[in-house]
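S.K.: For reference, the sequence and a predicted model appear below.
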Amino acid sequence: MAIEVLTVVGPTATGKTARAVSLARAFNGEIISGDSRQVYRTMDLGTGKDLEEYGEVPYHLIDVCQAGEKYNLHRYLRDFRNALAMVKEKGKLPILCGGTGMYVETALSGVELPDVPENPTLRSCLSDKSLEELTEILKTYKTLHNTTDIDTCKRAIRAIEIEEYYRENTDLAQKADRKVSKPLDSVIIGIDVPREVRRKRISDRLEKRLQDGMVDEIRQILDDSVKPDDLIYYGLEYKFLTLYVIGKLSYEDMKRQLEIAIHQFAKRQMTWFRGMERRGFKINWLPYDMPESDFISAVRLLIDK
């Protein structure tokens, strides 16, 4: 088996984890999560960890930091490379599984993002500028290495800080440039679910997680001294359930708004994966309801091509 990593992607509620576990059992693999929120401990129901599905299959990059921390792409790439090397050293097949397109795509692209130190002088010079002004400054750079959402002044200043650092350290900038990085050799499997089926699965899963105690999970995290704003930062379940717990939304409004937001999120995920295909990543889409033996056989054929 010549590939470096087998990858399983798809929008939320498509059964990616179960498929990845089946592949790990079939191909002697271990799973590396490609999810930006499953890294947080105690954030279980809201992030859909479904840990019971893994059984005896080892997994990585789940529960690696505290709720309330700000995990990011840079940390993920470092942790991903370490996990990848660890799995390979065991002689097992790394299986990257997740729905955070930016994490998955950047990991597969082979780029390396070095530690960029804070620049107090630059931050001071930019501190009085508006988000619009900062955005205009960012447009002056030929290549943006920070591809996260630039939706606050703090994030925009950090993006400028990174670009200035790369401008002064061109050797490091090359490692972060996809045009010169060496992509990982990967077969990418996409879990294909018709839109209406996906919507029903999302609604059914939300109902189940609420019944399983997702509100209590939020209350416990808040009781453990995580600030409401820090939970709201994570979006989706943690945004709307926190607003409900602190009394800013009724239960009915919370559930309705959250369900809409998850549907919108799934649509954005698919938009990202379609974009990956345009950017040169071949995704082999297989039906979500394919019998397990047929699914494994289809993946085996793709790997052996």
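M.R.: It's in.
S.K.: Would you mind finding the longest strand in this protein?
M.R.: Longest strand in the chain, counting residues (DSSP state E): strand 186-192.
S.K.: and that one, how far from the chain's centre?
M.R.: In terms of C-alpha atoms, centre = their mean, to the nearest Å, the centre of strand 186-192 is set 15 Å apart from its chain centre.
S.K.: I'd like the next helix or strand past it.
M.R.: Moving toward the C-terminus from strand 186-192, the next helix or strand (DSSP states H and E) is helix 195-211.
S.K.: Could you check the angle that following helix makes with strand 186-192?
M.R.: Angle, helix 195-211 to strand 186-192, by axes from the mean of the first three to the mean of the last three C-alpha atoms, to 10 degrees: 90 degrees.
S.K.: Show me what helix 195-211 is packed up against.
M.R.: If contacts are counted by 3 or more C-beta pairs under 8 Å, 6 or more residues apart in numbering; DSSP states H and E, helix 195-211 sits against helix 251-278. C-betas here are computed from N, CA, C, even on glycine.
S.K.: Can you name the element that comes right after the helix it packs on?
M.R.: Sequence-wise, the next helix or strand downstream of helix 251-278 (DSSP H and E) is strand 283-287.
S.K.: Now that following strand: buried residues?
M.R.: 283, 286 (16 or more other C-beta atoms under 10 Å).
S.K.: How about stretch 174-186?
M.R.: The neighbour-count check on stretch 174-186 (16+ other C-beta under 10 Å) flags 175-178, 184, 186 as buried.
S.K.: Make JSON lines from these and add secondary structure, pLDDT and distance to Asn284 to it.
M.R.: As requested, the buried residues of stretch 174-186 are exported to JSON lines (DSSP: H, G, I helix; E, B strand; the rest coil; pLDDT from 0 to 100; distance: C-beta to C-beta, whole Å):
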{"residue": "Lys175", "secondary structure": "helix", "pLDDT": "70", "distance to Asn284": "29"}
{"residue": "Ala176", "secondary structure": "coil", "pLDDT": "73", "distance to Asn284": "28"}
{"residue": "Asp177", "secondary structure": "coil", "pLDDT": "73", "distance to Asn284": "27"}
{"residue": "Arg178", "secondary structure": "coil", "pLDDT": "74", "distance to Asn284": "22"}
{"residue": "Leu184", "secondary structure": "coil", "pLDDT": "97", "distance to Asn284": "16"}
{"residue": "Ser186", "secondary structure": "strand", "pLDDT": "98", "distance to Asn284": "11"}
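S.K.: quick check, nearest of these to Val116?
M.R.: In terms of C-beta to C-beta, no member of those lies closer to Val116 than Ala176, at 9.7 Å.
S.K.: quick one: that closest one and Gly110, what's the gap?
M.R.: Ala176 is 11 Å from Gly110, where distance means C-beta to C-beta, to the nearest Å.
S.K.: Tyr59 now?
M.R.: 22 Å.
S.K.: who has more neighbours, the two?
M.R.: Of the pair Tyr59 and Gly110, Tyr59 is the one with more neighbours under other C-beta atoms under 10 Å, namely 22 against 17.
S.K.: Could you find the closest non-adjacent residue to the more buried one?
M.R.: Closest residue to Tyr59 apart from its sequence neighbours, by C-beta to C-beta, 6 or more residues apart in numbering: Ile31 at 4.4 Å.
S.K.: so the one you found sits in a strand?
M.R.: Yes - per DSSP: H, G, I helix; E, B strand; the rest coil, Ile31 lies within a strand segment.
S.K.: how close does it sit to Gly110?
M.R.: Look at Ile31 and Gly110: by C-beta to C-beta, they are 20 Å apart.
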